[in-house]
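A.B. asks: Just need the structure, nothing else, for what follows:
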Amino acid sequence: MRRRSKRYRKDTEKIPAQAVPLDQAIQRLKSFSKTKFDQTVDIVCHLGIDANQADQLVRGSVSLPKGIGKSKKVIAFCQEGDVPAAKAAGAIEAGADDLVDKVAKGWTDFDVAVAHPSLMGKVGKLGKVLGPQGKMPSPKSGTVTPDVATAVREYAAGKVEFRNDKGGNVHAVVGKLSFSDADLKENILAFVDHIRRLKPATAKGQYLKKVCISGTMTPGVQVEFAAQTE
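C.D. replies: Numbering: from 1, shown residues only. Okay, here's the model as predicted:
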């Protein structure tokens, strides 16, 4: 069993006994012990879905109104004519066959891969390399698109990708502890609203079951959100 630090154990004593309104949850999160670095704030939404059913998977991407406090390294699989625009938008590498070959040989020093639909026949061969790392371009996540430059710009600025795990939980980054309370609140509300809009038509009963926020080195705080049901 993982042994928690003394600081972490002390912070757990401050966790509310039940879910609290978002404003209070953010204040409690910021009351935990300080660290020497600016902690990332994460959110976990536990959903009332059957993760074994393909038509109940929840995945996608969203640009949060206040960003997430960091940029991402993005590459673009695109036709040669689109390379200048992709690089101008922030891509660290862009191209077609040469870039596919480079990644096929094991280069994965990037966070997100964007691809033009016309190149997915070639990019699809990289599934064994990119799939396990969660970097395979996908239409559902918005990383396969004819507008490569816009996608690169959004992801380089910190666009958030997410997908549910086997337990029906969706994890995502929603900012930094240094963000103002108002900015964190706006990001969290935007993310939860987006998740709500993605409710699968076949999911029954309560959909948004539980929401928690936490810092990189802090315990989680449960946030009170109105239940969403059929």
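
A.B. asks: For residue 103, give its distance to residue 116.
C.D. replies: 15 Å (C-beta to C-beta, to the nearest Å). The C-beta positions use only the backbone N, C-alpha and C, and glycine is treated the same way.

A.B. asks: helices and strands around the lengthiest helix in the chain, which ones?
C.D. replies: In the chain, taking DSSP state H as the definition, the longest helix is helix 181-197. If you count contacts as 3 or more C-beta pairs under 8 Å, 6 or more residues apart in numbering; DSSP states H and E, helix 181-197 packs onto helix 22-31, strand 40-47, strand 59-62, strand 169-176, strand 208-215.

A.B. asks: Give me the sheet partners of the second one and which way each runs.
C.D. replies: Which is strand 40-47. Taking DSSP bridges as the criterion, strand 40-47 forms sheet pairs with strand 169-176 (antiparallel), strand 208-215 (antiparallel).

A.B. asks: Toward the C-terminus, what is the element adjacent to the last one?
C.D. replies: Right, the one you point to is strand 208-215. strand 221-223 (DSSP states H and E).

A.B. asks: so after the helix or strand hosting residue 150, what's the next helix or strand?
C.D. replies: Assessed by DSSP H and E, residue 150 sits inside helix 148-156. Per DSSP H and E, the first helix or strand lying C-terminal to helix 148-156 is strand 160-163.

A.B. asks: any idea how far the residue of the chain positioned farthest from its centre lies from residue 198?
C.D. replies: Most distant residue from the mean C-alpha position of the chain: residue 81, 30.2 Å away (C-alpha atoms, centre = their mean). Using C-beta to C-beta, we find residue 81 at a distance of 34 Å from residue 198.

A.B. asks: One more: residue 142?
C.D. replies: 13 Å.

A.B. asks: Can you work out which residues contact both of those two?
C.D. replies: Residues touching both residue 142 and residue 198 (C-beta atoms under 8 Å, 6 or more residues apart in numbering): residue 60.

A.B. asks: before we move on, back to that, next, the buried residues of the longest helix of the chain.
C.D. replies: Neighbour-count burial for helix 181-197, counted by 16 or more other C-beta atoms under 10 Å, picks out 183-188, 190-192, 194-195.

A.B. asks: Return the member of the residues you listed nearest to residue 164.
C.D. replies: Of all those, residue 164 sits closest to residue 195, with 9.6 Å by C-beta to C-beta.

A.B. asks: Would you check that the closest one makes contact with residue 170?
C.D. replies: Yes. In terms of C-beta atoms under 8 Å, residue 195 counts as a neighbour of residue 170; the distance is 6.2 Å.

A.B. asks: shared neighbours of the two, anything?
C.D. replies: What both residue 195 and residue 170 touch, as defined by C-beta under 8 Å, 6+ apart, is the set 45, 47, 58.
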